[in-house]
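[1] this one's structure only:
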């Protein structure tokens, strides 16, 4: 199987490429070639590589570049490339250029490539497709009326996945990922970064600024479950999806207060004390767009997609995967 | 008020321009200038014109053309231009070019025009934004997951109306029009044309081919109520819409059998006998995308949008407006 990961140098993209290779080593999937495409520097720390692994620096806002990429005829295209929510909101033109136009570029390049080419496309959507006013519970039937440019762009991407799939141009599936938590590394411009910052920074012995109120509520899953679900999407029988190709992924609903309680349970007083509250009204206003009620994800769960069982489990995964199982030098 | 009607030479566009002029004569609205824009021949039969009326032939798939049009700074833009459903389905590229790209061209031209220019935009969406599987009743909360390219393009237009309005680039409102019935004139490529053909042609003494089964169900409103609702949209307080700027318009739900019953009641045996059944599987398959359950339109009705009370009323309006109140020479 030849796999292309568009946005392969992002946080999820790198983890996805690494996991695809690991799964190949473990004999779980048959990977011949991975092509990781990104606009920025594109590299990996992966050493032993039993598959052909190519890193391509490419700007997918250029249609001809997309045609060149797609001329490799990958069997699978993971489309993870996106301008994140905060940036899409502050820079209207860049948001639409990348999240809408570049997505269309890839889809159009696939459509035009040849009559016999119908790859599987795994599109990363987001829980940001939902906007208020919210019901008490968001289920698979809840209307997609986002209140951010990022959310609008993701819904449009989903609609295109539905149409291109219905017409047989490709075999698409979209995953509405919850807020990925705990995001490793440095904060990015995602407005949802604060929900990770207040866990990651204290666990590394650093202060974190809590910029939103403690009753702000979000839906979360770990980077590991996001990657596992993306790979699971390779094998889903898409005929079961009908014309609605995009699925809300399961997640853990938690308020900031509940995040902090879970951190306290896992890591204790001293770690929690590193969280300093300083509400930023503009950050609060933005995340209020996603002050989600609990989610159900019946369709996705019925098809075998999964996530953690509790926010503690999300924190423990972060400690095991990113901190060698230690909190400030002490084994968990 | 300076009003631009994009798609001003279409069936609804012409009626809208005529009604705007009539309303100006009647002192109901203050119209200074109407600019009717269309890609095709653009003319009107209107004789006495108390307002500045300009007909512009323009291709809105060209962004610079849109910039030129918008440089007139109309206070209101009615955006009616679209490739109809059947054509959007049979010609993928044209559908996206006109229904998506040209819509964006107009919206972008408005956004870029100047910081102080924030016109009202009345966008014509369609009941085709809905796709099955359907619940027993479609209400304002029902998910927008169309199963035709036309429907997808209309939802994308709606989402853009929401985003551009939320960000203050313009003050938008979208009207999801039911199937317009009875469409006067010749059949167009709208897949829903059959629902009008079987009324219009017999009333003119001509045979009509019924290409879909009698239990096919749709939601209807007259061209007059569509035009009245478009004009009503000028005065709606859009702050009441929140971030969901697009409204399902009220309509009369009827099966083809019920249409024929109503025609029988209004026009009798001989007229109904002119309907010849000859099911076209491809037409049936396409309209099955819209085999709608009944609709509620609570939001729209709460804001004063309205429609006919029965399918008979729709037929009688057609006879009065298009046939001088006569059926084959006999007064109704």
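    Alright, I've got the coordinates. Owing to the predicted nature of the structure, the values given are computational and were not obtained by experimental measurement.
[2] Give me the neighbour count for residue A:280.
    For residue A:280, the number of neighbouring residues by other C-beta atoms under 10 Å in any protein chain shown comes to 14. No exception for glycine: its C-beta is placed from N, CA and C like everyone else's.
[3] actually residue A:306, not the one I typed
    Neighbours of residue A:306 using other C-beta under 10 Å come to 15.
[4] Now do it, the pLDDT please.
    We have a pLDDT of 98 for residue A:306.
[5] so which strand or helix has it?
    With elements taken from DSSP states H and E, nothing contains residue A:306; it lies in neither a helix nor a strand.
[6] Could I get the contacting residues of it?
    Neighbour list for residue A:306: A:225, A:228-229, A:250 [criterion: C-beta atoms under 8 Å, 6 or more residues apart in numbering or on different chains].
[7] Could you tell me which residues of chain A lie near chain B?
    A:92, A:111, A:131, A:133, A:141-147, A:149, A:152, A:155-156, A:159-160, A:162-163, A:166-167, A:242-244 (C-beta under 8 Å from any C-beta of the partner chain).
[8] one step back: return the member of the contacts of residue A:306 nearest to chain B.
    Chain B has its nearest neighbour among the contacts of residue A:306 in residue A:250, at 18.8 Å by C-beta to the nearest C-beta.
[9] give the contact list for that closest one.
    For residue A:250, the set of contacting residues under the criterion of C-beta under 8 Å, 6+ apart consists of A:178, A:221, A:295, A:297, A:300-301, A:305-307.
[10] Residue A:52 too?
    Listed by C-beta under 8 Å, 6+ apart, the contact set of residue A:52 reads A:32-34.
[11] same deal with residue A:104?
    If you count contacts by C-beta under 8 Å, 6+ apart, then residue A:104 has residue A:160 around it.
[12] next one: the one 4 residues further on
    Taking C-beta under 8 Å, 6+ apart as the definition of contact, the neighbours of residue A:108 are A:63, A:66.
[13] Where does it sit, in terms of helix or strand?
    When secondary structure is defined using DSSP H and E, the element that contains residue A:108 is helix A:103-113.
[14] Okay, buried residues for that helix please.
    Buried residues in helix A:103-113, counting neighbours by 16 or more other C-beta atoms under 10 Å in any protein chain shown, are found at A:103-111, A:113.
[15] swap in stretch A:81-94?
    A:81-89.
[16] Torsion angles phi and psi at the residue most central in space within chain A?
    Among the residues of chain A, the one closest to the centroid is residue A:177, at 5.1 Å (C-alpha atoms, centre = their mean). When quoted as degrees, to the nearest 10, the phi and psi of residue A:177 stand at phi -80, psi 140.
[17] Now do the same contact list for it.
    With C-beta under 8 Å, 6+ apart as the criterion, the residues that contact residue A:177 are A:124-127, A:221, A:226, A:229, A:249.
[18] again with residue A:157
    In this structure, residue A:157 makes contact with A:99-100, A:103, A:123, A:125, A:174, judged by C-beta under 8 Å, 6+ apart.
[19] Flag every buried residue along the host helix or strand of it.
    In this assignment (DSSP H and E), residue A:157 forms part of helix A:149-166. Of the residues in helix A:149-166, A:149-166 count as buried by neighbour count, 16+ other C-beta under 10 Å.
[20] same deal with stretch A:278-289?
    Using 16+ other C-beta under 10 Å, the residues of stretch A:278-289 that count as buried are A:283, A:286-287, A:289.
[21] how far does it sit from the chain's center?
    Taking C-alpha atoms, centre = their mean, to the nearest Å, one finds the center of stretch A:278-289 at 22 Å from the center of the full chain.
[22] do the same with stretch A:88-108
    From the chain centre to the centre of stretch A:88-108 is a distance of 16 Å (C-alpha atoms, centre = their mean).
[23] My read is that residue A:82 contacts residue A:125, right?
    No: using C-beta atoms under 8 Å, residue A:82 and residue A:125 do not qualify as a contacting pair, with a distance of 9.6 Å.
[24] Now the common contact residues for the two.
    Once C-beta under 8 Å, 6+ apart is applied, the residues that residue A:82 and residue A:125 both contact turn out to be residue A:154.
[25] re the thing from before, with respect to chain B, which of the contacts of residue A:177 is nearest?
    Comparing the contacts of residue A:177 against chain B with C-beta to the nearest C-beta places residue A:125 closest, at 13.3 Å.
[26] Pop out the phi and psi values for the residue lying closest to residue A:166 once chain neighbours are set aside.
    In space, and not counting its chain neighbours, residue A:166 is closest to residue A:243: 5.4 Å by C-beta to C-beta, 6 or more residues apart in numbering or on different chains. Summarising the backbone geometry of residue A:243 under the convention degrees, to the nearest 10, its torsions are phi -90, psi 0.
[27] Now for residue A:243: which residues touch it?
    A:162, A:165-166, B:131, B:145, B:147.
[28] redo that, cut-off 6 Å
    If a contact means C-beta atoms under 6 Å, 6 or more residues apart in numbering or on different chains, then residue A:243 has A:162, A:166, B:147 as its contacts.
[29] Output these in TSV; the columns should cover pLDDT and distance to residue B:275.
    Converted to TSV, the contacts of residue A:243 look like this (pLDDT from 0 to 100; distance: C-beta to C-beta, whole Å):
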residue	pLDDT	distance to residue B:275
A:162	98	35
A:166	98	32
B:147	95	28
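[30] in the stretch 1-150 of chain A, which spans are helices?
    A:11-25, A:63-70, A:85-90, A:92-95, A:103-113, A:149-166 (DSSP state H, counting those that start in this stretch).
[31] pLDDT (mean, whole number) over the fifth one?
    To tie it back to what came earlier, the one meant is helix A:103-113. In this model, helix A:103-113 has a mean pLDDT of 98.
[32] Distance from the chain centre to it, please.
    Relative to the mean C-alpha coordinate of its chain, helix A:103-113 is positioned 21 Å out (C-alpha atoms, centre = their mean).
[33] So what angle separates the directions of that helix and helix A:149-166?
    Taking axes from the mean of the first three to the mean of the last three C-alpha atoms, to 10 degrees, one finds helix A:103-113 and helix A:149-166 inclined to each other by 10 degrees.
[34] What lies in contact with the lowest-mean-pLDDT helix or strand in chain A?
    None of the helices or strands of chain A scores lower by mean pLDDT, DSSP states H and E than helix A:281-287, at a mean of 89. With C-beta under 6 Å, 6+ apart as the contact definition, helix A:281-287 has outside contacts at A:191, A:211-212, A:216.
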